[in-house]
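**Q** Please work out how this folds:
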Amino acid sequence: MRRRLEEDANELRAIREEIAVQIHLGKLEAKERWAELEKKWQHAEGRIKQIGEAGREAAEDVGEATQIVLDELRNGYEKLKRML
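**A** Below is the predicted model:
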C-alpha cells in the first residue's frame, strides 16, 4: 500500500511540476505579448497626435494607418485577456 501511495505521489508530483512550468511560461508569454502591444500603443498615440497637427489630406492618411494599428491592438488585447 505504501509503495503504491509513493508511486501515485511521484506521478502527481511530476504532473504538478509540469503544470507549474506551463503556468510560468504562460506568464512570460503574456508579459512578452504585453510589451509588444505597448510598443504599438505608443506608436498609435504618436500617430493620433500627428493627426491634429497635420493637414487634412495627411491627417486622413495617418488616420487610416492609425486605425489599422488600433484594430491590431484591439485584437491583441482581446487575445491577451483570454490568456489570463
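**Q** The helix or strand hosting Arg74 - contacts with which helices or strands?
**A** Assigned by DSSP states H and E, Arg74 belongs to helix 56-83. Secondary-structure packing of helix 56-83 (3 or more Cβ pairs under 8 Å, 6 or more residues apart in numbering; DSSP states H and E): helix 2-53. Using the backbone N, CA and C atoms, a C-beta is placed for each residue, glycine as well.
**Q** what distance separates the helix it packs on from the centre of its chain?
**A** 8 Å (Cα atoms, centre = their mean, to the nearest Å).
**Q** again with stretch 73-82
**A** Between the centre of stretch 73-82 and the centre of its chain there are 6 Å (Cα atoms, centre = their mean).
**Q** which parts of that stretch are buried?
**A** Neighbour-count burial for stretch 73-82 flags 73, 76, 80 (criterion: 16 or more other Cβ atoms under 10 Å).
**Q** With stretch 48-64 instead?
**A** 50, 62.
**Q** What lies in contact with that stretch?
**A** Contact with stretch 48-64 is made by 47, 66, as judged by Cβ atoms under 8 Å, 6 or more residues apart in numbering.
**Q** Let me see the mean pLDDT of that stretch.
**A** The average of the pLDDT scores along stretch 48-64 is 73.
**Q** returning to what we had before: closest to Asp8 out of the buried residues of stretch 73-82?
**A** Nearest to Asp8 out of these is Leu80 (Cβ to Cβ; 37.0 Å).
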